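Chemist: A structural model of the following input is requested.
(one chain, ligands or ions: 3)
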Amino acid sequence: MSKKVLLIAGDGIGPEISVEAKRVLDIINQQFDLGIEYDEALLGGAAIDATGVPLPDETLAKAKACDAILFGAIGGPKWDNIDRDIRPEKGLLGLRSGLELFGNLRPAILYPQLADASSLKPEVVSGLDILIVRELTGGIYFGEPRGIRTLENGEREGYNTYKYNETEIRRIAKVAFEAAKKRGGKLCSVDKANVLEATVLWREIVQDMAKDYPEVELSHMYVDNAAMQLVRAPKQFDVIVTGNLFGDILSDAAAMLTGSIGMLPSASLDKNGRGMYEPCHGSAPDIAGQGKANPLAMVLSAAMMLRYSLNATAAADAIEVAVGKVLDQGYRTPDIHTEGMKLVSTSEMGDALVAALTE
Ligand SMILES: NC(=O)c1ccc[n+]([C@@H]2O[C@H](COP(=O)([O-])OP(=O)(O)OC[C@H]3O[C@@H](n4cnc5c(N)ncnc54)[C@H](O)[C@@H]3O)[C@@H](O)[C@H]2O)c1
Ligand SMILES: CC(C)[C@H](C(=O)O)[C@@H](O)C(=O)O
Ligand SMILES: [Mg+2]
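Modeler: Numbers count the residues shown, from 1 in each chain. Ligands and ions are numbered 1, 2, ... in the order given. Below is the predicted model:
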């Protein structure tokens, strides 16, 4: 039976890493007879340039019609000064929200070959395997009212609203409890319940749900401490569940424990497990077009897509094994390069993956 994957390359390094992810998927598609068919769509800056809006109706319609979406990255300085309602990022947020992709899984796993590339000492990170479960369609990212207004004294004020309702908290907490049950049995809920009412409710609901998961050891931590603990002793964590903004920040910090943001994939799932798969990093304008981007976060996102949305576990395993193999062989893009290793470009990393999958 055929499966339809929507490819959205995006901006900056998005197209460069998408090419390599597609090369890998093409081989896997053949080897495992997956019947994947592709469609393509525009999002972000590329969509603004072509259509005037960051999320064209056609893209949303295609996204709703496919089995899974594989996405690169959007944004860049070219679109930084346009009307804030049509910025590239609005396109991505609109797609996440339009598809109700509330459950964002960001696994921070250290490949043992990259222990030297981690920002932390090898002994602090060896064996690291954390899952950050980030709420993706609510919180301060979407809360209304929001805007920039002029006050009576003529001064302008920017404002946003941080809120979470019970349904939103319960559904993301359920994703996290279920994940913790299948993994190491530990869940840490990260909030700012000492200050923010929205997270007082968050903590109360998560605590209440714990009675349905006696096998999961639940703890709570304030986000400032969590940021510190992540870089002090990250292996104390198994699954972290948190809101949209905190999850955004903590996952970039966690990325550096694995060696680079170029190593962190993600899955964004709806209530039926249908999803969009994308690296956690952005369009990296500082290195775009130079062959320096690490394609592995996107390749690993493709593996997550096979595992979670396309029911192709063996194919996902094969990609992850190939990533391990090219790292064993010493191939390193600049972001993960350490002394004695083979410095390669984005496409040479793709070549190495192709060789690992076919030889
Ligand atoms: N999901 C997304 O599409 C997404 C995510 C984050 C940021 N953005 C957008 O990307 C643009 C740039 O944002 P930023 O600079 O804050 O974050 P960024 O993640 O694009 O880059 C941060 C740093 O990490 C490096 N980096 C990122 N990905 C890399 C990779 N695969 N290989 C090697 N190095 C990599 C970059 O070179 C840069 O030095 C902004 O417009 C932002 O809104 C998009
Ligand atoms: C580009 C931006 C809207 C996005 C976010 O904040 O969610 C990004 O930083 C991410 O982590 O996916
Ligand atoms: Mg981010």
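
Chemist: tell me the SS of the closest residue to ligand 2 within the stretch 1-150 of the chain?
Modeler: Residue nearest to ligand 2 within the stretch 1-150 of the chain (C-beta to the nearest ligand atom): Glu89, separated by 4.1 Å. For every residue, glycine as well, the C-beta is placed using N, CA and C. Counting by DSSP: H, G, I helix; E, B strand; the rest coil, the backbone at Glu89 sits in helix.

Chemist: who touches it in this structure?
Modeler: Counting by C-beta atoms under 8 Å, 6 or more residues apart in numbering, Glu89 makes contact with Gly44, Pro54, Ile74, Gly75.

Chemist: Make TSV from those and add neighbour count, pLDDT and distance to ligand 2 to it.
Modeler: Shown next, in TSV, are the contacts of Glu89 (neighbours: other C-beta atoms under 10 Å; pLDDT from 0 to 100; distance: C-beta to the nearest ligand atom, whole Å):
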residue	neighbour count	pLDDT	distance to ligand 2
Gly44	31	98	9
Pro54	28	98	11
Ile74	31	98	7
Gly75	23	98	6
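
Chemist: and ligand 1, which of those residues reach it?
Modeler: Ile74, Gly75 (C-beta under 6 Å from any ligand atom).

Chemist: what about the helices in the stretch 51-200 of the chain?
Modeler: Applying DSSP state H, counting those that start in this stretch to the stretch 51-200 of the chain gives helices spanning 57-65, 88-98, 122-125, 166-182, 197-209.

Chemist: which stretch in those is the model least sure about?
Modeler: Mean pLDDT is lowest for helix 122-125 among the helices of the stretch 51-200 of the chain, at a mean of 94.

Chemist: hang on, the earlier thing: spatially, which two of the contacts of Glu89 are the most separated?
Modeler: The distance between the two most remote of these (C-beta to C-beta) is 9.5 Å, for Pro54 and Gly75.

Chemist: got any residues that touch both of those two?
Modeler: Gly44, Gly45, Arg87, Pro88, Glu89.

Chemist: is it true that the fourth one touches Ile74?
Modeler: Looking back up the chat, that one is Pro88. Yes: under the criterion of C-beta atoms under 8 Å, Pro88 makes contact with Ile74 at 4.3 Å.

Chemist: Dihedrals phi and psi, the residue most central in space within the chain?
Modeler: With distances taken as C-alpha atoms, centre = their mean, the residue of the chain nearest its centroid is Ser266 (3.2 Å). When read as degrees, to the nearest 10, the backbone of Ser266 gives phi -160, psi 160.

Chemist: Looking at strand pairing, list the partners for the nearest residue to it once chain neighbours are set aside.
Modeler: Computed as C-beta to C-beta, 6 or more residues apart in numbering, the closest residue to Ser266 that is not its neighbour in sequence is Arg106, at 4.7 Å. Counting by DSSP bridges, Arg106 is bridged to Ile132.

Chemist: Contact partners for Val124?
Modeler: Ala233, Pro234, Lys235 are the contacts of Val124 under C-beta under 8 Å, 6+ apart.

Chemist: can we see that at 7 Å?
Modeler: Ala233 (C-beta atoms under 7 Å, 6 or more residues apart in numbering).

Chemist: swap in Leu187?
Modeler: Contact analysis of Leu187 by C-beta under 7 Å, 6+ apart lists Ala176, Phe177, Ala180, Val216, Leu218, Val239, Val241.

Chemist: possible to save those residues as JSON lines with distance to ligand 2 and neighbour count?
Modeler: Below are these laid out as JSON lines (distance: C-beta to the nearest ligand atom, whole Å; neighbours: other C-beta atoms under 10 Å):
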{"residue": "Ala176", "distance to ligand 2": "18", "neighbour count": "28"}
{"residue": "Phe177", "distance to ligand 2": "23", "neighbour count": "23"}
{"residue": "Ala180", "distance to ligand 2": "22", "neighbour count": "24"}
{"residue": "Val216", "distance to ligand 2": "26", "neighbour count": "21"}
{"residue": "Leu218", "distance to ligand 2": "25", "neighbour count": "19"}
{"residue": "Val239", "distance to ligand 2": "18", "neighbour count": "26"}
{"residue": "Val241", "distance to ligand 2": "16", "neighbour count": "29"}
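
Chemist: Dump those to TSV, plus distance to Gly147.
Modeler: Shown next, in TSV, are those (distance: C-beta to C-beta, whole Å):
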residue	distance to Gly147
Ala176	32
Phe177	36
Ala180	38
Val216	40
Leu218	37
Val239	35
Val241	29
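
Chemist: Can you narrow those residues down to the ones near ligand 1?
Modeler: By C-beta under 6 Å from any ligand atom, no member of these lies near ligand 1.

Chemist: Ala226 touches Ala253, doesn't it?
Modeler: No: Ala226 is not in contact with Ala253 according to C-beta atoms under 7 Å; the separation is 9.3 Å.

Chemist: Where does the stretch 201-350 of the chain get nearest to ligand 1, residue-wise?
Modeler: Nearest residue of the stretch 201-350 of the chain to ligand 1, counting by C-beta to the nearest ligand atom: Gly282, 2.3 Å away.

Chemist: hang on, the earlier thing: the residue nearest to the centre of the chain reaches Leu105, doesn't it?
Modeler: Yes: look at Ser266 against Leu105 with C-beta under 7 Å: they come within range, at 6.3 Å.
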